[in-house]
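>>> Any chance you could fold what I've pasted below:
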Amino acid sequence: MQGKALIVEAVSVEAVVAGDAPTEREHALSAAREVPRRDTVRIHRRPGRPGRWHDAMLIVREDSHPGEVPGPAIIAEQNATTIVEPGWEALVTAFDHIVLSGGRALCNSQPAPRSTRCCWRCSTTCS
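Predicted coordinates for the structure are as follows:
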């Protein structure tokens, strides 16, 4: 409008730059060997009623090297605990990540297909 001053109430600026991606150290894969367990502990699993007790390996994360950890197991770290249930396995990758995959979990006393697990609430097989 002529004769009126221009007033700017808001200004928005956006800048896009490449980020600094962290680099992850790749560890050498070890040959198959005994899992470095610290102890054997009992865990209770209740996919069906009344549930069952299982002996599980207690593994301290700092002791582990890339490779497979069959369940049942407990992997203890300084800031986390990972439970590997019976029929499942954990894979410690070359980048030191833990990847869990479903094995032959026992649901309602029947073997379940690979990559399924038991529903802890109703003991049915869930995907």
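>>> Just list whatever residues bridge to L100.
Beta-bridge partners for L100, by DSSP bridges, are A90.
>>> what about it, neighbour count?
Look at L100: counted by other C-beta atoms under 10 Å, it has 17 neighbours. C-beta here means a position set from N, CA and C on the backbone, and glycine is covered the same way.
>>> Next, work out how far apart it and D63 are.
Distance of L100 to D63, given as C-beta to C-beta, to the nearest Å: 19 Å.
>>> now do I74
13 Å.
>>> So between the two, which is more surrounded?
Between I74 and D63, counted using other C-beta under 10 Å, I74 has the larger neighbour count: 20 against 12.
>>> in the sheet, who's paired with that one?
Under DSSP bridges, the beta-bridge partners of I74 are L58, I83.
>>> quick one: pLDDT of S64?
For S64, the pLDDT comes out at 79.
>>> With P72 instead?
The model's pLDDT for P72 equals 89.
>>> Could you find the closest non-adjacent residue to it?
When the adjacent residues along the chain are set aside, P72 lies closest to A56, with 3.9 Å between them (C-beta to C-beta, 6 or more residues apart in numbering).
>>> For the one you found, give me its contacts.
By C-beta atoms under 8 Å, 6 or more residues apart in numbering, the residues touching A56 are T40, V41, R42, I43, G71, P72, A73, I74, V84.
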